[in-house]
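Student: my questions are about this predicted structure, shown below with the sequence.
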Amino acid sequence: MDWCGGLSDLRKGVVRTLHNESFIDDPTRVFRAVRYEQRLGFNIEDRTLDQLKAATGQGMVGGLTPDRLRHEMERILQDELPAATLRRCIELGILGAVHPSLDGLDTGYLDRQNRPLVREHGNDPSQTLGYLALLVSDLSEHQGEALIRRLNMSEVWGNVVRDSIWLQGMTDDLSRKALSPSQLAHILEGCREEAVMALASATDDSLLSQRLHRYLAELRYVEPILNGQDLLDLGVPVGPQVGQILDQLRDDVLDLSLIHI
């Protein structure tokens with residue numbers, strides 16, 4: 001029995017609500033409708049689309065709790081290629097209803113990926129965090145902090161947002177013609193790797209992308225042969241000088257044993 005005409009809608013490639021109050025009863029269905037539309041290549045039926053726009057405009061999405069909003073954002077970002085869903089959510093005002101800082105974002109850089117964000121160095125990253133980094137990179141620091149609070153982000157999510165925004169402001173320094181490996185490493189150390197990989201994937205600057213990929217593949221793993229105990233055995237007194245010498249040794253290894261970039 002198919003009381004609601006589901007088979008017909010499937011054949012036509014249509015996403016349709018079961019009743020007029022569907023999005024009001026559960027506003028998270030707004031996100032679900034767009035996810036299914038984009039993932040399956042369907043179209044949201046006209047009446048359903050009007051209901052979706054009305055529910056969004058009336059504040060139904062904005063009224064969701066931070067945790068429910070974050071969960072819906074996670075599900076979008078976990079799709080194989082979330083760019084189309086993000087773009088559609090922006091077009092329909094859904095992301096703007098999540099937080100004003102996400103209204104009208106340019107998602108062209110996401111489309112240029114045309115592939116899942118997969119780290120080429122070490123283990124695969126969380127795609128969720130990779131696309132989150134891409135999504136927020138053009139926000140201001142103030143907007144980023146407001147979004148972190150609105151979605152009640154975990155410490156990891158929050159750090160990805162902060163690092164992505166910070167790195168976007170560091171592109172001039174990272175693109176300097178004369179930048180030693182040690183200088184590059186000093187700028188990037190402590191940044192979430194998802195943020196570094198996102199910038200490397202999204203930038204149109206081939207030199208910058210090359211440098212970021214090299215940091216992820218090689219430079220971050222460079223360490224001097226000597227360790228702290230070796231320095232103590234050589235007569236260096238216990239104290240901050242040990243760390244300072246190790247830092248200088250690492251810089252020397254980076255700059256002397258690797259080709260200048």
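Tutor: Cool, got the structure.

Student: mean confidence for stretch 14-25?
Tutor: Averaging pLDDT along stretch 14-25 yields 95.

Student: then stretch 236-252?
Tutor: 76.

Student: how about it: buried residues?
Tutor: For stretch 236-252, a neighbour-count test (16 or more other C-beta atoms under 10 Å) marks Val236, Val242, Ile245, Leu246, Leu249, Arg250, Asp251 as buried. Where C-beta positions appear, they are placed from N, C-alpha and C, glycine not excepted.

Student: other SSEs contacting the helix or strand the second one falls within?
Tutor: Secondary-structure element containing Val242, defined by DSSP states H and E: helix 240-257. For helix 240-257, the helices and strands in contact under the criterion 3 or more C-beta pairs under 8 Å, 6 or more residues apart in numbering; DSSP states H and E are helix 181-188, helix 228-233.

Student: tell me the buried residues in the first one?
Tutor: Read that as helix 181-188. Neighbour-count burial for helix 181-188 [16+ other C-beta under 10 Å]: Pro181, Ser182, Gln183, Leu184, Ala185, Ile187, Leu188.

Student: skip ahead from it and say which helix or strand is next.
Tutor: helix 193-202.

Student: that following helix to helix 181-188, inter-axis angle?
Tutor: 110 degrees (axes from the mean of the first three to the mean of the last three C-alpha atoms, to 10 degrees).

Student: how far off centre is helix 193-202?
Tutor: 8 Å (C-alpha atoms, centre = their mean, to the nearest Å).

Student: which strands or helices does it pack on?
Tutor: Going by 3+ C-beta pairs under 8 Å, 6+ apart, helix 193-202 lies up against helix 108-113, helix 127-136, helix 155-168, helix 206-217.

Student: among those helices, which gets the worst mean confidence?
Tutor: helix 108-113 (a mean of 62).

Student: number of residues surrounding Leu216?
Tutor: Using other C-beta atoms under 10 Å, Leu216 has 19 neighbouring residues.

Student: likewise the one 5 residues further on?
Tutor: Tyr221 has 10 neighbouring residues, counting by other C-beta under 10 Å.

Student: now do the strands in the stretch 1-150 of the chain.
Tutor: 14-15, 43-44 (DSSP state E, counting those that start in this stretch).

Student: got these as a markdown table, with mean neighbour count columns?
Tutor: Formatted as a markdown table, those follow (neighbours: other C-beta atoms under 10 Å):
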| stretch | mean neighbour count |
| --- | --- |
| strand 14-15 | 18 |
| strand 43-44 | 18 |
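
Student: before we move on, the earlier item: quick one: which of the buried residues of helix 181-188 is nearest Gly57?
Tutor: Comparing the buried residues of helix 181-188 against Gly57 with C-beta to C-beta places Leu188 closest, at 42.3 Å.

Student: nearest spatial neighbour of the closest one, skipping sequence neighbours?
Tutor: Leaving aside its sequence neighbours, Leu188 sits nearest to Tyr215 (C-beta to C-beta, 6 or more residues apart in numbering; 5.3 Å).

Student: got the buried residues for stretch 5-15?
Tutor: Those would be Val14, Val15, for stretch 5-15 by 16+ other C-beta under 10 Å.

Student: then stretch 157-170?
Tutor: Trp157, Gly158, Asn159, Val160, Val161, Arg162, Asp163, Ser164, Ile165, Leu167, Gln168.

Student: what does it contact?
Tutor: Residues outside stretch 157-170 that contact it (C-beta atoms under 8 Å, 6 or more residues apart in numbering) are 70, 129, 132-134, 136-141, 144-145, 147-148, 151, 153, 174, 187, 191-192, 194-196, 198-199.

Student: need the strands of the stretch 1-150 of the chain in TSV with distance to Gly57, can you?
Tutor: As requested, the strands of the stretch 1-150 of the chain are arranged in TSV below (distance: least, C-beta to C-beta, whole Å):
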stretch	distance to Gly57
strand 14-15	19
strand 43-44	16
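
Student: which of these sits closest to Arg35?
Tutor: Judging those by C-beta to C-beta, what sits closest to Arg35 is strand 14-15, at 9.6 Å.
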